[in-house]
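**Q** predicted structure and sequence below. I'll ask about it afterward.
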Amino acid sequence: MVNTISDSWVNVSDRAGSQDHRIIAAIDIGTNSIHMVVVRIIPSLPAFTIIDREKDTVRLGDRDPITKCLKEEAMQRAIAALRRCLEVAKSLNAEQIIAIATSAVRESPNGRDFLQRIEAEVGLHVDLISGQEEARRIYLGVLSGMEFNNQPHIIIDIGGGSTELILGDSHEPQSLSSTKIGAVRLSAELVKTDPISNAEYQFLQAYVRGMLERPVEDLQTHLKPGEIPRLVGTAGTIETIAAINAREKLGILPSTLNGYQFSLKDLREWVNRFRRLNYTERAAIPGMSDRRSEIILAGAVILQEAMTLLGVETIAVCERSLREGAIVDWMLTHGLIEDRLRYQSSVRQRSVLKTAQKYQVNLEHSQRVAEFAMSLFDQTQGRLHNWGAAERELLWAAAILHNSGHHVSHSAHHQHSYYLIRHSELLGYTECEIELIANIARYHRKSAPKKKHDPYRNLPTKEQRQMVCQLSALLRLAVALDRRQIGAVKRVKCEYRPELREFRLHLEPAQPNDDCALELWNLDYKKMQFEQEFGVRLMTKLSPVPVAVG
């Protein structure tokens, strides 16, 4: 979901040229900082230029050590920072704001409550994304600012709460991982001395190496024999190390760090210097901020151990990352990128089908159910409901995955489907969208949605609960139309008689001599939720198959 800025924020003269230049803002609510980038999109190229950046260090990752909840003072700092971001976006006539939250909010027990509070107090809707989805968008952001020339590249993004590793060659990423090690997290949990003691440093180094070994090994399995990938680094830790290294080596700070390289040897020298200095002494290093000096050692150790495990000697900096990736993702979903990265436009569909294969779903049956669900959705749109393309896509995903729970057990498989979908890494979807897909799939059979069911009751808005009720009602009918899972029904035609509040389904059988008795019975058995949700009486009829005249 994106935030559309009200008309009062946009001048009429600016709207006139919006077809050529569209101004979009993207906000990343991270563990250490809140960043915003405002861009001018030129759809005809397609490309975008950055017209403003904002950053506030709010330290959401400094959570309560006992409850692991976000602290009140950190949430207040974040809300104040978001208000400032909205004011900047307003002043630049931004048309929409894309806002995403990552590791700190994702892992906090009160994270979702915090996002609801942001919406209530600031008027900003924030999407929560998974670690793998974060990695995918980082990849998109880096590709928007650096040419890979179809050669393998490893991207490392060291954030406050997590570190992402990505392998790609300008096409589909071969490997995406997110590991729960970050500069803020490790500084808070493992660094208690200042300067750090030898014992703490050795434990920090060993812990980081242990956490990185598996994702590095997984990434390396995707490399072809003899391939030597280039390493690209993004985010604050790496940019800071690059800046202070450039100042020392060159005597000046380059006008842009994009493409600047430093070596593992340089990095090791900096790590050794950082560990001998306290916070104040580190902050005195030219190019180092006070807040960064507190967490730079942990971030530098992550990079040092990653480079060592990967066996690479140099790293190049890319100043584009997650925020720019969110812009690219928005451009893709709005049809503004047609050639380069075309594969990404179908990332959702491919991710859903991959998950279906993982849980050994009968894809022939699921695809028939999905086709019926889409047909029912389209034929009822504007008559019984006003859901749009976004909701249609969620229904499609739920239809494909509705039977995934059979992977666990036939008994109560609809409940198992909810659990498996909810905890799957569906790329391209936000956490909220995954929750909706899981709920729609969960109610394809048995009980209708009830407030005593936690997953349904915990949906944040009344609109989302209504969506689950209505789309799952359509899914129930779609499942019934393929009850025998043999494709007995060829197509379904809907007829709505508003004056009688009647809704008729005309079924065309695939075979002339098939009475589709089981499908008709199942439709009658499952129609109650549909009738209650849409306030109609459902009637079904089998239409005869036209007999070909020889």
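**A** Structure received. These numbers come from a predicted model, not from an experiment.

**Q** where does the stretch 201-350 of the chain dip in pLDDT?
**A** For the stretch 201-350 of the chain, residues meeting the criterion pLDDT under 70 lie at 338-347.

**Q** which residue ranges form the helices in it?
**A** 236-250, 264-276, 279-283, 290-310, 322-333, 347-358 (DSSP state H, counting those that start in this stretch).

**Q** adding mean neighbour count and distance to Leu542, write those out as CSV.
**A** Glycine gets a C-beta too; all of them are placed from N, C-alpha and C. As requested, the helices of the stretch 201-350 of the chain are exported to CSV (neighbours: other CB atoms under 10 Å; distance: least, CB to CB, whole Å):
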stretch, mean neighbour count, distance to Leu542
helix 236-250, 20, 64
helix 264-276, 16, 72
helix 279-283, 16, 77
helix 290-310, 23, 63
helix 322-333, 24, 40
helix 347-358, 17, 30
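
**Q** and those as CSV, adding distance to Ser178?
**A** Below are these laid out as CSV (distance: least, CB to CB, whole Å):
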stretch, distance to Ser178
helix 236-250, 16
helix 264-276, 22
helix 279-283, 27
helix 290-310, 13
helix 322-333, 11
helix 347-358, 15
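
**Q** quick one: which of those helices is nearest His171?
**A** His171 lies closest to helix 347-358 among the helices of the stretch 201-350 of the chain, at 12.1 Å (CB to CB).

**Q** buried residues in the helix or strand just after the closest one, which are they?
**A** Sequence-wise, the next helix or strand downstream of helix 347-358 (DSSP states H and E) is helix 363-380. Residues of helix 363-380 classed as buried by neighbour count (16 or more other CB atoms under 10 Å): 365-377, 379-380.

**Q** what are the contacting residues of helix 363-380?
**A** Contacts of helix 363-380 with the rest of the structure, by CB atoms under 8 Å, 6 or more residues apart in numbering, involve 353, 356-357, 387, 392, 395-396, 399-403, 471, 474-475, 477-479, 481-482, 485, 487, 489, 491-494, 496, 503, 534.

**Q** among the residues you listed, which are in helices?
**A** Counting by DSSP state H, the contacts of helix 363-380 place 353, 356-357, 392, 395-396, 399-401, 471, 474-475, 477-479, 534 in helices.

**Q** that older thread, so for Ala199, which of the helices of the stretch 201-350 of the chain sits nearest?
**A** Here helix 264-276 is closest among those (CB to CB), at 11.9 Å.

**Q** list only buried entries from the contacts of helix 363-380.
**A** With burial judged by 16+ other CB under 10 Å, the buried subset of the contacts of helix 363-380 is 353, 356, 387, 395-396, 399-403, 471, 474-475, 477-479, 481-482, 489, 492, 503, 534.

**Q** on that earlier part again, let me know which of the helices of the stretch 201-350 of the chain is the nearest to Gln116.
**A** Among the helices of the stretch 201-350 of the chain, the nearest to Gln116 by CB to CB is helix 322-333 (20.7 Å).

**Q** could you name the helices and strands sitting against that closest one?
**A** If you count contacts as 3 or more CB pairs under 8 Å, 6 or more residues apart in numbering; DSSP states H and E, helix 322-333 packs onto strand 22-29, strand 33-42, strand 47-57, strand 96-101, helix 131-145.

**Q** closest to Asp194 out of those?
**A** Nearest of the helices and strands packed on helix 322-333 to Asp194, taken as CB to CB: strand 47-57 at 18.7 Å.

**Q** how about low-confidence regions in the stretch 1-150 of the chain?
**A** 1-20, 44-46.

**Q** turn the helices and strands packed on helix 322-333 into CSV, including distance to Ile196.
**A** Conversion of the helices and strands packed on helix 322-333 to CSV gives the following (distance: least, CB to CB, whole Å):
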stretch, distance to Ile196
strand 22-29, 29
strand 33-42, 23
strand 47-57, 21
strand 96-101, 30
helix 131-145, 27
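
**Q** out of the ones you listed, the one nearest Pro195 is which?
**A** Per CB to CB, nearest to Pro195 of the helices and strands packed on helix 322-333: strand 47-57, 21.9 Å.

**Q** now do the helix or strand just after that closest one against strand 96-101, angle only.
**A** Remark: after strand 47-57, the chain's next helix or strand is helix 72-91, criterion DSSP H and E. Helix 72-91 runs at 160 degrees relative to strand 96-101, counting by axes from the mean of the first three to the mean of the last three CA atoms, to 10 degrees.

**Q** got a list of contacts for helix 72-91?
**A** With CB under 8 Å, 6+ apart as the test, helix 72-91 has contacts from 5, 9, 25, 27, 29, 34, 36, 38, 52, 54, 56, 58-60, 62-63, 97, 99, 114, 117-118, 121-124.

**Q** His153 and Leu167 touch, don't they?
**A** Yes: using CB atoms under 8 Å, His153 makes contact with Leu167 at a distance of 7.5 Å.

**Q** shared neighbours of these two, anything?
**A** Counting by CB under 8 Å, 6+ apart, the common neighbours of His153 and Leu167 are Pro229.

**Q** who's in contact with Gln151?
**A** Neighbour list for Gln151: 169-170, 229-230 [criterion: CB under 8 Å, 6+ apart].

**Q** rerun that using 6 Å as the cut-off
**A** When contacts are counted by CB atoms under 6 Å, 6 or more residues apart in numbering, Gln151 is found next to Asp169.

**Q** can you tell me how far Ser472 is from Ile437?
**A** 11 Å (CB to CB, to the nearest Å).

**Q** got a list of contacts for stretch 512-520?
**A** Contacts for stretch 512-520 (CB under 6 Å, 6+ apart): 481, 483-484, 488-489, 509, 540, 542, 545.

**Q** what residues sit buried inside it?
**A** Of the residues in stretch 512-520, 514, 516, 519-520 count as buried by neighbour count, 16+ other CB under 10 Å.

**Q** check stretch 54-70 too.
**A** For stretch 54-70, a neighbour-count test (16+ other CB under 10 Å) marks 54-55, 57-63, 69-70 as buried.

**Q** returning to what we had before: farthest pair within the ones in helices among the contacts of helix 363-380?
**A** Gln357 and Phe534 (33.8 Å).

**Q** circling back to that earlier point, figure out which of the helices of the stretch 201-350 of the chain is closest to Leu212.
**A** Short answer: helix 290-310, nearest of the helices of the stretch 201-350 of the chain by CB to CB, at 5.7 Å.
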